[in-house]
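In: prediction below, plus the sequence it came from.
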Amino acid sequence: MRTKTSQVFGTFIMSAILFLNFYGNSQSQPLFTENFNFPVRDSLENIGQWYATGPSTNKNIKVTSPGLVYTGYLGSGIGNTAFFSNQSNGDVILNSFPTQNSGTVYLSFMISVDSLTAAATEGFNICLDEAGGNTNFNTRVYIKKINSTSFNIGIRKYDQVKYSPAVYSKNTTYLVVCSYTFINGVSNDIARLYVSTSGVPATEPLVPAAADTAGLDVDNIGDIILNNAFLQTGLQGSSVKIDGIRIGTTWTGTLFQQINRQLNLKALIQGFYNSSTGKMIKDTVSVYLRYNVSPYNIADSSKAVLDSNGNGSFIFNRIGNNAPYYMIVRHRNTIETWSHNTLMFDNNVLNFDFTPSSVYAFGSNQILKGSKYCLYNGDVNQDGIVDATDQSETDNSAYNALTGYVRSDVTGDNFVDGADLSLVENNANNSVSIVRP
Ligand SMILES: [Ca+2]
Ligand SMILES: [Ca+2]
Ligand SMILES: [Ca+2]
Ligand SMILES: [Ca+2]
């Protein structure tokens, strides 16, 4: 009996631990992140799933460079930032995330107020909102001008603003966390505000900077709104930057967990691929995501192994969905190869296969082996071209019968010999080199 009881109890404990692990992990990944990790734009509309709600005007929320920096924050120093000029009839734009109607929704971001005009009073540039067509602009984070260089920060759940007494300065980047907690019962949900001037609190502070329960509760939260309209904000003509937006359902998940966006890539490396067996010698490659305009800044990178079928999964978490990037493959002796066009993650996933046609590489820069297109290799010194320098290094390595994981092994068999030299010579004769925009 005793044994049986402890077994049952043990099984229960294990199940509980497994359940908590699974539940904990699935709960902790953020619902939404936005680092504005794409080129400077005159309007934030129509990229990254941001779109205008209400009339679209030329009083845009812009994307400007550089992004905001706040030491220790996951959203710090990535890409660019949203810039608000607080115009008359300015744009109101919206993005969506999985709808929540219980627990707490956390929203964190960096904010820098760069100017406060003579006419400015108090207003807001960011808030949460009900999912779908209902707009109630809940959980607004307010700025109230004290004078031209200082301000207060407040929170408004639904119809009145509660300010923290702390005084903040312009041209300084602060970390703001606000939250909305659903509570059973009528008109009792709570919106809370936390502001950090340095560091990122590891756990939710016991006392918020300000909190508000006044007014109606919302049915759910599923949208985030950015607001450039001073008729609603009262910050007319003032300059504000907001960056590194993160939304989640726990404090630690929002501030310390990543959304993993996964590229499922298939690519074959010329010398590593055997067209008679249809298999490739597996090896590590790096994938870079670059902006779609010159100078094609690197937005993110990831390293993984391409397996014997040429398949690999690469995780990114600095970029977002529905923004265009060139995808670039690099490998110890492969010619850097760019995707034929820009690509976008959708719902945190991107699938891409270079092998069915040469055209999937920019400039059709691939070579056919059997029925598959492969990335050219032989660029031993990784300078972007296969030429006499690569030949010379491979020749030396072959002469010395070099073994192991070396860059002049372009066939991937951990040995440098005539086969490697032959491939490098062929590609050098054909002046194989990077083709890129
Ligand atoms: Ca940014
Ligand atoms: Ca309630
Ligand atoms: Ca070279
Ligand atoms: Ca070899």
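Out: Thanks, I have it. Ligands and ions are numbered 1, 2, ... in the order given.
In: how about whichever residue of the chain sits closest to ligand 2, nearest residue that isn't a chain neighbour?
Out: Across the chain, the shortest distance to ligand 2 (CB to the ion) belongs to D217, at 4.0 Å. C-beta: built from backbone N, CA, C; applies to glycine. Closest residue to D217 apart from its sequence neighbours, by CB to CB, 6 or more residues apart in numbering: D189 at 4.2 Å.
In: what of F109?
Out: Nearest residue to F109, sequence neighbours excluded (CB to CB, 6+ apart): I245, at 4.6 Å.
In: quick one: the one you found is in a helix?
Out: No. Counting by DSSP: H, G, I helix; E, B strand; the rest coil, one finds I245 to be strand, located in no helix.
In: hmm, N95 is touching L31, no?
Out: No. Contact status for N95 versus L31: not in contact, 10.9 Å apart, counting by CB atoms under 8 Å.
In: from ligand 3, how far off is the closest residue to ligand 4 within the stretch 251-400 of the chain?
Out: In the stretch 251-400 of the chain, the residue that lies nearest ligand 4 is G271 (7.5 Å; CB to the ion). Distance, G271 to ligand 3, using CB to the ion, to the nearest Å: 14 Å.
In: wasn't that residue part of a helix?
Out: Yes. Counting by three-state DSSP, G271 is located in a helix.
In: where along the stretch 101-250 of the chain do the helices fall?
Out: 230-233 (DSSP state H, counting those that start in this stretch).
In: run through it and note the low-pLDDT ranges.
Out: Along the stretch 101-250 of the chain, the parts satisfying pLDDT under 70 run over 230-232.
In: burial count for the residue nearest to F109?
Out: Per other CB atoms under 10 Å, the neighbour tally for I245 reads 22.
In: pretty sure it sits against L31.
Out: No. Taking contacts as CB under 8 Å, I245 lies outside contact range of L31: 11.1 Å.
In: show me this protein divided up by domain.
Out: 30-256, 261-429 (automatic domain parsing).
In: which of the ones you listed sits closest to ligand 1?
Out: Closest to ligand 1 of these is domain 30-256 (CB to the ion; 3.0 Å).
In: next, the distance between the ends of the closest one.
Out: 9 Å (CA to CA, to the nearest Å).
In: now it, how far from the chain's geometric center?
Out: Offset of domain 30-256 from its chain centre (CA atoms, centre = their mean, to the nearest Å): 18 Å.
In: please apply the same query to stretch 305-320.
Out: Counting by CA atoms, centre = their mean, stretch 305-320 comes out at 15 Å from the chain centroid.
In: for that stretch, measure first residue to last.
Out: OK, stretch 305-320 end separation, CA to CA: 23 Å.
In: does any part of that stretch sit near ligand 1?
Out: No. Stretch 305-320 stays clear of ligand 1 (CB under 5 Å from the ion), getting no nearer than 9.0 Å.
In: going forward, the N-terminal residue is numbered 13.
Out: Okay, using 13 as the starting number, the last item reads as stretch 317-332.
In: what is the mean pLDDT for that stretch?
Out: Here stretch 317-332 scores 98 as its mean pLDDT.
In: any buried residues in it, and which?
Out: Buried residues in stretch 317-332, counted by 16 or more other CB atoms under 10 Å: L318, G322, N323, G324, F326, F328, N329, R330, I331, G332.
In: per-residue pLDDT, the closest residue to the second one other than its chain neighbours?
Out: Ranked by CB to CB, 6+ apart and with sequence neighbours excluded, the top spatial neighbour of G322 is L280, at 4.4 Å. Each residue has a pLDDT score; the one for L280 is 98.
In: contacts only, for L280.
Out: L280 makes contacts with M292, L318, G322, F366, T367, K381, K384, Y385, C386, L387, as judged by CB atoms under 8 Å, 6 or more residues apart in numbering.
In: relative to ligand 3, how far out is the fifth one?
Out: By that I understand T367. Taking CB to the ion as the measure, T367 falls 24 Å from ligand 3.
In: give me the neighbour count for the closest residue to I397 other than its chain neighbours.
Out: Excluding the flanking residues, the one nearest I397 by CB to CB, 6+ apart is S445, at 3.9 Å. Using other CB under 10 Å, the number of residues around S445 comes to 18.
In: tell me the residues on the stretch 163-312 of the chain that lie near ligand 2, please.
Out: I195, G197, N200, D201, D229.
In: between the residues you listed, which is closest to ligand 3?
Out: D201 (62.3 Å).
In: hang on, the earlier thing: and the two most separated of the buried residues of stretch 317-332?
Out: G322 and G332 (27.1 Å; CB to CB).
In: check contacts around the spatially most central residue of the chain.
Out: Nearest to the geometric centre of the chain sits I331, at 2.5 Å (CA atoms, centre = their mean). Neighbour list for I331: N47, N49, R273, L301, A311, D312, Y337, F357 [criterion: CB under 8 Å, 6+ apart].
In: wait, isn't the third one in contact with F328?
Out: Right, R273. Yes. Applying CB under 8 Å, one finds R273 in contact with F328, separated by 4.7 Å.
In: what touches both of the two?
Out: Common contacts of R273 and F328 (CB under 8 Å, 6+ apart): F357.
In: ok, the closest residue to ligand 4 within the stretch 13-162 of the chain - contacts?
Out: Minimum separation of the stretch 13-162 of the chain from ligand 4 (CB to the ion) falls at N49, amounting to 38.7 Å. Taking CB under 8 Å, 6+ apart, we find N49 in contact with G79, I90, G91, N92, A311, D312, R330, I331, G332, A335.
In: and which of those is nearest to P449?
Out: Nearest member of the contacts of N49 to P449, counting by CB to CB, is A311, at 15.0 Å.
In: quick check: residues of the stretch 113-262 of the chain near ligand 1?
Out: Counting by CB under 5 Å from the ion, the stretch 113-262 of the chain sits next to ligand 1 at D255.
In: so where do the strands sit in the stretch 113-262 of the chain?
Out: 116-127, 134-141, 150-159, 162-168, 173-175, 180-181, 185-193, 202-208, 222-224, 233-239, 251-260 (DSSP state E, counting those that start in this stretch).
In: among the ones you listed, which comes closest to G66?
Out: Closest to G66 of those is strand 233-239 (CB to CB; 10.3 Å).
In: contacts for that closest one, please.
Out: 44, 56, 62, 65, 73, 94, 96, 102, 104-113, 117, 119, 136-144, 147, 149-151, 192, 245, 254, 257, 259.
In: can I have the buried ones of those residues as a ChimeraX selection?
Out: Under the burial definition 16+ other CB under 10 Å, those of the contacts of strand 233-239 that qualify are selected in ChimeraX by:
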select :44,56,62,73,94,96,102,104,105,106,107,108,109,112,117,119,136,137,138,139,140,141,142,143,149,150,151,192,245,254,257,259
